[in-house]
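Undergrad: test case, fold it:
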Amino acid sequence: MKSSLGFLFFGALFFLLFFPRYSIQLISLYTIFLFLSSFVYSRSVSRGLFIRHRDKVLRAYKYSNLEIRYTIRNNSFFSTTYLFVQDEHAGLLCYDGNDRRMVLIGPRREKEFAYSLDCSRRGKYQAGPFFLCGSDPFGLFPWQKHFPDTIDLIVYPAIYPIQLLFPQGIPAGNRNIENPLYEDITRYRSLREYIPGDDLRRINWKVSAQKGELYSREYLPTYYHPSIIILNVNMRSYSRHLRAFRIERAIETAASLVSHIIRKGQDIGFYCRSARGPVDIFPHGGTHQGVYILEALAQLKPVSVGSFEFPNIKIPHRSRVLYVGPPPEKLKLLSFIDRLPAGVYVDIYTVNTDQIPEIYHGLPRLRVFRIRDSEKELVDV
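TA: As a prediction, this is how the structure comes out:
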């Protein structure tokens, strides 16, 4: 293509210089002008176009749509007549087909565009780089421009509704409970008539003098229950039937537990041995802790070597351990429970429905739940 264009240009220049006929020179001059103007237009537009993403990191949950917005700025003095834009996004399928488009932008103007991705798989992906392809109006000088700007796309596991029953915890927390043993003397609730056996320190003497009979103070019973999730993604622990589905289901269960506990304002920790090494997050509270754990779950890869072992990690006093995965071996579970501090309880969320977790019945400080394969109900509580 370049050789033929060069041949036409120099041919027109030759006829202009060595053929004095008016018609030939006019055609040659028009051809040279066409080549020069097309060249100037193409170079000016290609150098004046810039793209920027609106965000550097985008997050979404599995099975949702992720919208990516970007702006194209035309700093040249010409309008774009033929401009093709393509944004790479390896691993995710474009939902609306707008990741490739033809655009028209006026001189010294900018336009914002958007397209949606179908987040059908969890993980960490990347949008970009951008590719711009254009040409002059006659198609004589096509060009292509590459923009290395990228966006990190983090797809969290799917979150499902879940209800947790924590009958025990640490007094003076931020969750209400009906058990009067957890009354918080810093949270006054009401007054009631005196009942024989009430502590004398509970009596409100001022009100009792006004009413002529004894009245006792009541306080709001509150507690909090720090938790730590132990996730088993060892492939050898799962049966071959529906292995990939059940590993993903266990990860979704762990994500749902994290979301539920963070919304309740409780501390949550996380441990998992993945293909990239162990992930050990000490229990803390707050939204930032939930985001930290969800991003670790989003990038988690199952491990295919060795066997699952309960970790030797620091577990806070009177917290609850939430194990998620296939039913662990009974001896390993008993050894783990014996190592736990006093007041620490264990909940097992088992995903292998073809294995019977009833072998754990009667063990101390232990509850067992089944994770259903359906998406509407996560566990049997």
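
Undergrad: report the central residue of this protein.
TA: Geometric centre of the chain, nearest residue: Tyr156, 3.2 Å, by Cα atoms, centre = their mean.

Undergrad: any idea what that one is bridged to?
TA: Listed by DSSP bridges, the beta-bridge partners for Tyr156 are Tyr61.

Undergrad: next, Ser37: secondary structure please.
TA: helix (DSSP: H, G, I helix; E, B strand; the rest coil).

Undergrad: tell me who's in contact with it.
TA: Counting by Cβ atoms under 8 Å, 6 or more residues apart in numbering, Ser37 touches Asp136. All C-beta atoms are positioned from the backbone trio N, CA, C, and that covers glycine.

Undergrad: tell me which element Ile228 is part of?
TA: Applying DSSP states H and E as the criterion places Ile228 in strand 227-231.

Undergrad: got the CA positions of stretch 195-203 in PDB?
TA: Output of stretch 195-203 as PDB, limited to C-alpha atoms (Å, rounded to 0.1, in the frame of the first residue of the first chain):
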ATOM      1  CA  ILE A 195     -38.100  -8.300  92.500                       C
ATOM      2  CA  PRO A 196     -36.800 -10.000  95.600                       C
ATOM      3  CA  GLY A 197     -33.200 -11.000  94.900                       C
ATOM      4  CA  ASP A 198     -32.300  -7.900  92.800                       C
ATOM      5  CA  ASP A 199     -28.900  -6.500  93.600                       C
ATOM      6  CA  LEU A 200     -29.300  -3.400  95.800                       C
ATOM      7  CA  ARG A 201     -27.100  -1.500  93.500                       C
ATOM      8  CA  ARG A 202     -29.800  -1.700  90.800                       C
ATOM      9  CA  ILE A 203     -32.400   0.100  92.900                       C
END
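
Undergrad: flag every buried residue along it.
TA: Going by neighbour count (16 or more other Cβ atoms under 10 Å), the buried part of stretch 195-203 is 202-203.

Undergrad: domain-wise, how is the chain divided?
TA: For the chain, automatic domain parsing gives the domain ranges 48-156, 184-222, 227-380.

Undergrad: and those domains, which one is worst for confidence?
TA: When these are compared on mean pLDDT, domain 184-222 scores lowest, with a mean of 73.

Undergrad: show me how far that domain is from its chain's centre.
TA: Relative to the chain's own centre, domain 184-222 is displaced by 49 Å; criterion: Cα atoms, centre = their mean, to the nearest Å.

Undergrad: how about stretch 30-45?
TA: Centre-to-centre, stretch 30-45 and its host chain are 48 Å apart (Cα atoms, centre = their mean).

Undergrad: tell me which residues in that stretch are buried?
TA: 31-32, 34-35, 38, 41-42, 44-45.

Undergrad: just checking: the least confident one among those residues is which?
TA: Lowest model confidence among the buried residues of stretch 30-45 falls on Ile32, which carries 73.

Undergrad: which helix or strand contains that residue?
TA: helix 22-48.

Undergrad: partners of the very next helix or strand once past that helix, with directions?
TA: Using DSSP H and E, the helix or strand that follows helix 22-48 in sequence is strand 49-53. Sheet partners assigned to strand 49-53 using DSSP bridges are listed as strand 64-74 (antiparallel).

Undergrad: let's see the strand it pairs with as PDB, backbone CA atoms only.
TA: Only the C-alpha atoms of strand 64-74 are listed here, as PDB (Å, rounded to 0.1, in the frame of the first residue of the first chain):
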ATOM      1  CA  SER A  64     -23.700  -8.800  38.100                       C
ATOM      2  CA  ASN A  65     -22.800  -6.400  35.300                       C
ATOM      3  CA  LEU A  66     -19.800  -4.100  35.500                       C
ATOM      4  CA  GLU A  67     -19.900  -0.800  33.700                       C
ATOM      5  CA  ILE A  68     -16.700   0.600  32.400                       C
ATOM      6  CA  ARG A  69     -16.500   4.300  31.400                       C
ATOM      7  CA  TYR A  70     -13.800   6.100  29.500                       C
ATOM      8  CA  THR A  71     -13.300   9.400  27.800                       C
ATOM      9  CA  ILE A  72     -11.800  10.200  24.400                       C
ATOM     10  CA  ARG A  73     -10.300  13.600  24.000                       C
ATOM     11  CA  ASN A  74      -9.600  15.200  20.600                       C
END
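
Undergrad: spit out the contact partners of Arg236.
TA: Arg236 makes contacts with 304, 306-308, as judged by Cβ under 8 Å, 6+ apart.

Undergrad: could you export those residues as TSV, including distance to Asp55 and secondary structure?
TA: TSV is the format used below for these (distance: Cβ to Cβ, whole Å; DSSP: H, G, I helix; E, B strand; the rest coil):
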residue	distance to Asp55	secondary structure
Ser304	35	coil
Gly306	39	coil
Ser307	42	coil
Phe308	38	coil
